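> After the sequence you'll find the predicted model.
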Amino acid sequence: MQSVTRAIGIGYLLICLLALLATAFIGPVGYAPFPLPIGPAQEPVVVTIWYGTEKKLWLEDAAQRFAATNPRVGNRPIQIVLRGIGSRELSLRAARQEFGNDGQPTVISPASSMWVEVAKADWAAFNPGSPPFIIDRRELALTPLVAVAWKERAEVLWPKGPDSFWQNLHDALSNEEGWVGVAQANGFAPGSQEYEKAKSWGFVKFGHTSPLTSNSGPQALILMAYGYHEKSKGLTSADITDPGFQRWMREIEMAVLEFGDSTGTFMTSMVQFGPSKYDIVLVYENLALENIEAAQRRWGDIRIYYPPATMFSDHPYAILNTPWVTPEQRQAAETFRDFLLSPPIQEIAFKQYGFRPANIAVPVLTDDPANPLNRYRAYGAQKETPPSVETPSADVVTTLLDLWRRQINR
């Protein structure tokens, strides 16, 4: 009996000794009621991500799942800090080192790659001769810009479908008779059902976000410019300063009821207020998928419409190559990026939050009932998207924003 007791005691001492040795090398080990909090805890490697708020719910969900895996760089735990900031603002502030209370970013993840290009140009201007601003960039998720409209009004605006999306919209917004004039111009004679309904609709109510605060605003202007010039690539500053385009764009923009700061605001307004507030809004596909069923139940037939050429938000994950980002932070940022691009997390982004996956290993063209593009097919969701226009250079984007600021946002 004594030998058994002695063996147990020796075994316990050996376990304590091993725990102490482990603590000396990797920090505290064990669990309550035997935590062994001996030895210094390892400082975490903090990865601060400035991200466009459109993907807030998915990123927060993914960060929690990532933390549960106990990720580490060497012996140090990885800590993800998320800071939701508007895409244009985060890109400019990061390049100009205007950190405020948001901490120094390790990664910037605006909604669109065009803001990474703007940030790179800004960084080079403010730091001549310095190394490139970005060390690595990958797409995380995709979502095209779409229109959401009340079905009976969209059928008056686009009776043959939205092939002439921008021209029809321009003509409708600049029609002084409002929806009645649109109905007549598109072949609906007085006395027809469409004409009689249009008499009660007033003017065409269109909304998109401010190009100065939200990513979808500049995307709308870029699509307008491509639509006016009837091309899908090679947009130039000369195209923007063209007097005909300036006049045409102004006629659209002066009829916009409200330039909101957030794309989500427009879908919220569609759900809350119905057709009394907006007839048509430009939003991201993922927001449309997330909210369209609620609007349908509350107000009636509503649909998603894809313009003949669209622009994708690709949500780039750009790791910074700056003096304040350490090699350990870069490694930790790569680890989290790989986690976000893993098939299980990409599938969550798609099926729960409506983002098309950036990882081609996660299929979109499936008949899976959980596929949101199948689930909302009756509302106009499409698996196949229209072709995407080419993202303009940073100089062209800046010219376009300058034009809008001069002529619309005085």
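Sure thing, it's come through.

> Count residues in the vicinity of the closest residue to residue 326 other than its chain neighbours, would you?
Leaving aside its chain neighbours, residue 326 sits nearest to residue 45 (8.0 Å; criterion: Cβ to Cβ, 6 or more residues apart in numbering). Every C-beta, even on glycine, is put in place using the N, C-alpha and C of the backbone. For residue 45, the count of nearby residues is 24 (other Cβ atoms under 10 Å).

> what's the answer for residue 100, then?
Residues near residue 100, counting by other Cβ under 10 Å: 8.

> ditto for residue 365
For residue 365, using other Cβ under 10 Å, the count is 9.

> next one: residue 246
Neighbours of residue 246 (other Cβ under 10 Å): 15.

> Which strand residues bridge the residue nearest to residue 326?
In this entry, residue 45 is beta-bridged to residue 78, by DSSP bridges.

> Can you list the neighbours in contact with the helix or strand containing residue 335?
For residue 335, the enclosing helix or strand under DSSP states H and E is helix 327-340. The contact list for helix 327-340 (Cβ atoms under 8 Å, 6 or more residues apart in numbering) reads 45-47, 49, 62-63, 65-66, 69, 71, 73-74, 76, 78, 80, 106-107, 135-136, 138, 140, 317, 319, 345-346.

> swap the cut-off to 6 Å and go again
45, 47, 62, 66, 71, 73, 78, 80, 106-107, 140, 317, 319 (Cβ atoms under 6 Å, 6 or more residues apart in numbering).

> Alpha carbons only: can I get the helix or strand where residue 124 lies in CSV?
Here residue 124 sits within helix 113-126, counting by DSSP H and E. Below are the C-alpha coordinates for helix 113-126, written out as CSV (Å, rounded to 0.1, in the frame of the first residue of the first chain):
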residue,chain,number,x,y,z
SER,A,113,-9.4,47.3,-54.8
MET,A,114,-9.7,50.8,-56.2
TRP,A,115,-9.3,52.2,-52.7
VAL,A,116,-6.0,50.2,-52.3
GLU,A,117,-4.8,51.8,-55.5
VAL,A,118,-5.8,55.3,-54.1
ALA,A,119,-3.9,54.4,-50.9
LYS,A,120,-0.8,53.3,-52.8
ALA,A,121,-0.8,56.5,-54.8
ASP,A,122,-1.2,58.6,-51.6
TRP,A,123,1.5,56.7,-49.8
ALA,A,124,4.0,57.3,-52.6
ALA,A,125,3.1,61.0,-52.7
PHE,A,126,3.5,61.4,-49.0
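
> And residue 197, how far from residue 188?
The gap separating residue 197 from residue 188 is 9 Å, by Cβ to Cβ, to the nearest Å.

> Please apply the same query to residue 171.
Taking Cβ to Cβ, one finds residue 171 at 14 Å from residue 188.

> list the helices and strands the helix holding residue 124 packs on?
helix 87-95, strand 316-320, helix 394-407 (3 or more Cβ pairs under 6 Å, 6 or more residues apart in numbering; DSSP states H and E).

> domains for this structure, by residue range?
1-41, 45-142+314-357, 143-312+373-407 (automatic domain parsing).

> Need the distance between the two termini of the longest one.
Using Cα to Cα, to the nearest Å, one end of domain 143-312+373-407 lies 29 Å from the other.

> wait, isn't residue 305 in contact with residue 144?
No - when contacts are counted by Cβ atoms under 6 Å, residue 305 is not listed as touching residue 144 (11.4 Å).

> would you list every one of the strands in this structure?
45-51, 72-73, 76-84, 107-109, 134-139, 141-150, 206-209, 259-260, 280-284, 302-305, 312-313, 316-320, 356-357 (DSSP state E).

> Noted, bye for now.
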